[in-house]
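Peer 1: Give me a 3D structure for the following:
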Amino acid sequence: MISSRLADAGEGEVPFDRGGLDVRLDRLRIEGLRCLQSVDLRPASDLNVLVGANGAGKTSVLEAIHCLSNGRSFRSGGQENLIGRGVNSFSVYGEVLDAAEQRRQLGFERLRSSWRGRLDGADVATLGEFARVLAVVCFEPQSHELVSGSGEGRRRLLDLGLFHVEQGYLLKWRRFQRALKQRNAALRERGYSRNAEIWEQPLAAAGDVLAGDRRAWCESLSPYIAQSLDLFLPEFGAARLRWRRGWPEDLSLADALAASRERDRDLGYTVRGPQRGDMRVEFSDGGGRYELSRGQQKLVALALLLATASAMRERSAVAPIIALDDLPSELDVEKQRLCLRWCSGLGSQVWITGTQLPAGLSEWSGSCERFHVEQGVLSALL
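Peer 2: Predicted coordinates:
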């Protein structure tokens, strides 16, 4: 149980007993992605460190891994910008081993205006098929926006975890999105009709289910976020997650939709519902998202990502791949050690980039490969 693991964990320790290997990349090939023209890696099962100058291509390797999970980079901007100069597409191929040592083959190709994916030699219709095989969470220089930015990023993180631990969650999410789209379209119709009202019943039914799953998932995250922030930001006191479902607590979603119908018609979209849900981290000694410095916001973001990975392992027995971009520049020496210690206990395959090796690497007990990256070329770092 979560509570017993947390209770048994001592100061500076993480509440996990490392078991067998989780899902990890056993081979990675990249062609034509930014400056990476031809990369073929046999990564370590546990930790892979990419070291090189700024602009050498280290982050692009993490982008390639992220593309194998959901077809997109974690960086903002058009995905066509991933295509390298002088080529019309990029491709990423990965061989994934799960905890049962079953080998899966993933292939993703991005052209200027289309994409193609293959799983175990067969074409895939949706990128969700990739995500089901390979889960990735990423900490990068803009991760502070997970705390300071809009709720969209936090909802996306919630949905990532739920997608992997709840077998039917994707169907629930799609059912809600379909009803929301239909009601919004009806709200924008010229000569408003009863169509918007017609869609309120299925929207409310789907929204109640979605919000309930998200609330329960936040409760699963809470002990982990408290534990991780006790390590990374102990000066702010005990931390907790506060969940807001997206409409007043004293109203059912059906009543909230009916009450805001005229306002929604004027705006042309639905203002109440799970699409406005959000989670916030609060501290017993103060320090909400607006009081935190950017560096502190990054620590909260890292804690949220590690808490998500930890809860995923608790619920599904499989931890996602963890990508930590430019870690030595984003965290001080002690925080780097704490982060590596948490990841080691979690059992994820970890990828770290930086202009120098991360602190605490000598304490890492699992397998480790170190690569030097220069002008898009990777070589073993002795």
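
Peer 1: Who does the spatially most central residue of the chain form a beta bridge with?
Peer 2: Central residue of the chain (Cα atoms, centre = their mean): residue 137, 3.9 Å from the mean position. Residues in a beta bridge with residue 137, per DSSP bridges, are residue 322.

Peer 1: per-residue confidence for it?
Peer 2: The model reports residue 137 with a pLDDT of 95.

Peer 1: before we move on, what about residue 132?
Peer 2: So residue 132 comes in at 87 (pLDDT).

Peer 1: got it, and residue 193?
Peer 2: For residue 193, the model assigns a pLDDT of 63.

Peer 1: List the buried residues of stretch 108-121.
Peer 2: 108-110, 117-119 (16 or more other Cβ atoms under 10 Å). (C-beta placed from N, C-alpha, C; glycine too.)

Peer 1: Over to stretch 74-84?
Peer 2: 74-75, 79, 82-84.

Peer 1: Check pLDDT for those and point me to the minimum.
Peer 2: Out of these, that is residue 79, at 81.

Peer 1: which one is that residue nearest to, not counting chain neighbours?
Peer 2: Residue nearest to residue 79 in three dimensions, not counting chain neighbours: residue 72, with 5.8 Å by Cβ to Cβ, 6 or more residues apart in numbering.

Peer 1: ok, that neighbour - how many residues close by?
Peer 2: 14 (other Cβ atoms under 10 Å).

Peer 1: What of residue 173?
Peer 2: 19.

Peer 1: try residue 337
Peer 2: So residue 337, with other Cβ under 10 Å, has 18 neighbours.

Peer 1: per-domain residue ranges of this structure.
Peer 2: 1-135+318-382, 151-293 (automatic domain parsing).

Peer 1: so which of these comes closest to residue 304?
Peer 2: Checking these against residue 304 by Cβ to Cβ gives domain 151-293 as the closest, at 6.4 Å.

Peer 1: Please report how far residue 370 lies from residue 379.
Peer 2: Distance, residue 370 to residue 379, using Cβ to Cβ, to the nearest Å: 10 Å.

Peer 1: Backbone dihedrals for residue 206, both of them.
Peer 2: Backbone torsions of residue 206, given as degrees, to the nearest 10, read phi -70, psi -40.

Peer 1: list the buried ones in whatever helix or strand residue 67 lives in?
Peer 2: Assignment of secondary structure by DSSP states H and E places residue 67 within helix 58-70. Under the neighbour-count criterion of 16+ other Cβ under 10 Å, helix 58-70 has 58-70 buried.

Peer 1: What's the mean pLDDT across the helix or strand encompassing residue 212?
Peer 2: Using DSSP H and E, residue 212 maps to helix 200-232. Averaging pLDDT along helix 200-232 gives 96.

Peer 1: Off-centre distance for the following helix or strand past that helix?
Peer 2: Sequence order places strand 239-244 as the next helix or strand after helix 200-232, per DSSP H and E. Relative to the chain's own centre, strand 239-244 is displaced by 18 Å; criterion: Cα atoms, centre = their mean, to the nearest Å.

Peer 1: cool, and stretch 47-57?
Peer 2: 21 Å.

Peer 1: mean confidence for it?
Peer 2: The average pLDDT within stretch 47-57 is 97.

Peer 1: buried stuff in it?
Peer 2: Under 16+ other Cβ under 10 Å, the buried positions of stretch 47-57 are 47-52, 56-57.

Peer 1: Same question for stretch 119-138.
Peer 2: 119, 124, 127, 129-138.

Peer 1: Quote the end-to-end distance of that stretch.
Peer 2: 23 Å (Cα to Cα, to the nearest Å).

Peer 1: Please enumerate the strands of the chain.
Peer 2: 24-31, 39-41, 47-51, 89-97, 103-111, 115-119, 122-123, 136-139, 239-244, 278-283, 321-324, 350-354, 368-374, 377-380 (DSSP state E).

Peer 1: Using JSON lines, lay out the ones you listed together with distance to residue 313.
Peer 2: Converted to JSON lines, the strands of the chain look like this (distance: least, Cβ to Cβ, whole Å):
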{"stretch": "strand 24-31", "distance to residue 313": "13"}
{"stretch": "strand 39-41", "distance to residue 313": "25"}
{"stretch": "strand 47-51", "distance to residue 313": "17"}
{"stretch": "strand 89-97", "distance to residue 313": "17"}
{"stretch": "strand 103-111", "distance to residue 313": "19"}
{"stretch": "strand 115-119", "distance to residue 313": "23"}
{"stretch": "strand 122-123", "distance to residue 313": "29"}
{"stretch": "strand 136-139", "distance to residue 313": "12"}
{"stretch": "strand 239-244", "distance to residue 313": "18"}
{"stretch": "strand 278-283", "distance to residue 313": "20"}
{"stretch": "strand 321-324", "distance to residue 313": "11"}
{"stretch": "strand 350-354", "distance to residue 313": "13"}
{"stretch": "strand 368-374", "distance to residue 313": "21"}
{"stretch": "strand 377-380", "distance to residue 313": "29"}
